[in-house]
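Trainee: Sequence plus the predicted model coming up.
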Amino acid sequence: MSTKQSDSFTQNRFFWTIFGLWPGKIPNEYYKYFSFTYLMITFVAYEALLTLNLFYTPLRIDSLIREIIFFFTEIAIGTKACMVIFKRKKIAAIFDMLDCEEFKGSDETGREIVRKYHQYYKSYLKTFTILCNFTYFAQVLFPVFGYWIFGNNLELPICKYYFLSDETRNQYFTLIYIYESYGMYNHMMYNVNNDTLIAGYMALAIGQVKVLQHDLENLKVDKSDDSSEKMRDLKQQQKLRKILHHYGLLIEYVNQFQNVIGGAMFVQFGIGSAIICASMLTLLLPATVESYMFTVAYFMALNLEVFTPAWLGTQLTYESHDLMTAAYSGEWLPRSERYKRSLKLFVERAKQPIIITGLELFPLSLPTYISIMKTAYSCFALIRIFHNRQE
């Protein structure tokens, strides 16, 4: 693994740069013009047309469900894209903090822990990217193959553009299909790289907590050290001071990325029930095999977007709470009163575990995820009963 933890996010920054979100630390003077033009065409205009289409959508469940899924998904994607655009400096500062010496591990075991969580993140990044690309292909390319090979009907991949007349839509069908497909891929890659950024921040924070636990548990005098008791105590105080400094940096790191992701997570979790409920309802509607494949993969991707930060948030809270136990696992009984006071102050601070929230309104935790799923299923059951009575 590279000595720089920020290199874990190389893919994220690469795609941000291609799609107009990330000019880098030393931006090209012409990049801002490219970024502005690109985002106006593929982001602002795309969102405006999607919103306009929703107003013209016929008031039928089978028509509305599809449009609502993409509309609410675009709200979440747009929020996370704005997070990168308007908080680039803060994100860059977090990358710099990840590369500090304290976050590399104090010994080989600590460095191995850092490498392990780096690999966890890379595995999740690959898995989520593959799943989302499969979802995209199922929605965009598979229907094209079905049209070419079997002569199936071909519909627009995202929305019907109901504000256009049938003649206009048929006349420019190919251009609209290409524009929607390209815009969809852009937004999918925004979503993939922004979601994995958030998951990566949290996973690496858990890794740092595990390193702190290891350092605290092994805060013991070397048996081969034959120096005086006073010198041994002084050496232990120096080690403890380094650990406390590392813990302070971790808290600062968590506060910084909490400030960056708080608004995006509020929107993601806030509309999570609506998106998941709508995607479940599409499974009840008649559709082609390609549409069912897309819906199932899309539902899995939506669940991962909510479940992953919830699970990582729970892990981070539990692991940070265990720092108190780790602090008492070291060799502290024979140490001086000054050493014990420092340890007591650390334990008092560690009693307040690290909790990641959505704008400080709710924690990113498994109970929050369960609550979202319960709400989604309740809405699904209610709409299903209403739909059955209509039929």
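Mentor: Nice, thanks for sending it over. Numbering: from 1, shown residues only.
Trainee: Please enumerate the helices of the chain.
Mentor: 10-18, 31-39, 45-56, 61-86, 88-98, 108-150, 166-171, 173-217, 229-270, 272-282, 289-321, 323-327, 337-350, 366-390 (DSSP state H).
Trainee: Compare those helices and report which one is nearest to residue 160.
Mentor: helix 45-56 (6.8 Å; Cβ to Cβ). The way it works is simple: take the backbone N, C-alpha and C, and place the C-beta from them, glycine included.
Trainee: hmm, who's touching the closest one?
Mentor: The contact list for helix 45-56 (Cβ atoms under 8 Å, 6 or more residues apart in numbering) reads 67-68, 70-71, 74, 78, 158-163, 183, 186-187.
Trainee: Go through the helices of the chain and pick out the most buried.
Mentor: Highest mean neighbour count of the helices of the chain: helix 272-282, a mean of 23 (counted as mean count of other Cβ atoms under 10 Å).
Trainee: next one: that helix to chain centre, how far?
Mentor: 19 Å (Cα atoms, centre = their mean, to the nearest Å).
Trainee: For the residue lying closest to residue 310 once chain neighbours are set aside, give its distance to residue 209.
Mentor: Of all residues not flanking residue 310 in the chain, residue 369 sits nearest, at 3.8 Å (Cβ to Cβ, 6 or more residues apart in numbering). For residue 369, the distance to residue 209 equals 21 Å [Cβ to Cβ, to the nearest Å].
Trainee: swap in residue 39?
Mentor: 37 Å.
Trainee: ok, back up a step: which of the contacts of helix 45-56 sits closest to residue 339?
Mentor: residue 78 (51.9 Å).
Trainee: what residue ranges in this structure score low on pLDDT?
Mentor: 1-3, 25-26, 222-227, 286-288, 290, 387-391 (pLDDT under 70).
Trainee: Now do the contacts for the residue most central in space within it.
Mentor: The residue lying closest to the centre of the chain (Cα atoms, centre = their mean) is residue 195, at 2.6 Å. By Cβ under 8 Å, 6+ apart, the contact set of residue 195 is 80, 128, 304-305, 308.
Trainee: Mind doing that once more with 10 Å?
Mentor: 12, 76-77, 80, 124-125, 128, 132, 264, 268, 301, 304-306, 308-309 (Cβ atoms under 10 Å, 6 or more residues apart in numbering).
Trainee: got it, and residue 362?
Mentor: Residue 362 neighbours (Cβ under 10 Å, 6+ apart): 265-266, 269-270, 368, 371-372.
Trainee: make it 6 Å
Mentor: By Cβ atoms under 6 Å, 6 or more residues apart in numbering, the contact set of residue 362 is residue 368.
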